[in-house]
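Visitor: Mind looking at a prediction? Sequence and model below.
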Amino acid sequence: MTSTTPRYKAIEDFLLERIHGGAYPVNHQIPPEEQLARDFAVSRMTANKAINNLVQQGYLVRQAGLGTFVTDRKAESSLHEVLNIASEVRARGHAYSNDVLRCEAIEADDEVALRLGLRLGAQVFHSILVHREDGVPIQLEDRFVNPRWVPHYLDSDFALHTPNEVLVASCPISDVEHVVEAVLVDAQTAAWLAIDPASPCLSMIRRTWSDEHLISYARLIHPGERYKLRSNTKRR
């Protein structure tokens, strides 16, 4: 017994083939749903479903009164969840890799001590990684971890498990705090991210708790042209 591919999926595959193949570049206007409905001998509702699915996936954007256009599909992350960046990249069908730039024990300065609720000079674990999607840097992660709760952190192989995976395996995350702002970065950060120092970036400060324990404080820097952050709120 064979399964039948839904009709809307044929339209999705047609559009994706042209987007990935370069026939429909960024900002290209796709055929209107009336034409797609005729070409594929389906209803407008079916064509509309195909287009809506690709809008939700970030491939297309609708512009009222103008039509539907191919958009720049940036890497995307949720503000309401602590997701593993490696899983995010692979879910998009791309290759994930990282560069470990620092992995060390240091003394907490004023900012780190305040953010982690520790005394000044207390020992903390520190790591800096560049996360890559298809070889392109999409995030610089500068993370500080309380050794009391993740004592094996520095022994972790971040090529196999990201810092997020290591933390979640040791201390299931119960609460998260995010603070996001637009920033310009210093020359070293720009070099690590392979961007011009004048390029705008998104900075996210993230603190994570496991029950009442403050586990980690991280500064996450994303090139603005390669990344976007998403927040969904349901109204009752």
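Guide: Yep, it's here.

Visitor: For Gln56, give its distance to Pro172.
Guide: Gln56 is 30 Å from Pro172, where distance means CB to CB, to the nearest Å. Any C-beta I mention is one placed from the backbone N, CA and C, and that applies to glycine too.

Visitor: Give me the buried positions along stretch 148-160.
Guide: Residues of stretch 148-160 classed as buried by neighbour count (16 or more other CB atoms under 10 Å): 149-150, 153, 156, 158.

Visitor: Sorry, slip of the keys, the one I care about is stretch 111-119.
Guide: So, applying 16+ other CB under 10 Å, buried residues of stretch 111-119: 112-113, 115-116, 118.

Visitor: Mind picking the two most distant members of these?
Guide: Largest separation among those by CB to CB: Arg115 and Leu118, giving 8.8 Å.

Visitor: from the buried residues of stretch 148-160, which is closest to Gln35?
Guide: Checking the buried residues of stretch 148-160 one by one against Gln35 (CB to CB), the nearest turns out to be Phe158, at 49.0 Å.

Visitor: For the closest residue to that closest one other than its chain neighbours, the count of nearby residues, please.
Guide: Nearest non-adjacent residue to Phe158, counting by CB to CB, 6 or more residues apart in numbering: Val100, 5.2 Å away. Neighbourhood size, Val100 [other CB atoms under 10 Å]: 14.

Visitor: before we move on, the earlier item: between the buried residues of stretch 111-119, which is closest to Leu60?
Guide: After measuring the buried residues of stretch 111-119 against Leu60 - CB to CB - the closest member comes out as Arg115, at 39.8 Å.

Visitor: who's in contact with Leu54?
Guide: Leu54 sits next to 12, 15-16, 60 when contact means CB atoms under 8 Å, 6 or more residues apart in numbering.

Visitor: related to what we said a few turns ago, give me the subset of the buried residues of stretch 111-119 lying in helices.
Guide: The members of the buried residues of stretch 111-119 that map onto helices under DSSP state H are 112-113, 115-116.

Visitor: Good, wrapping up.
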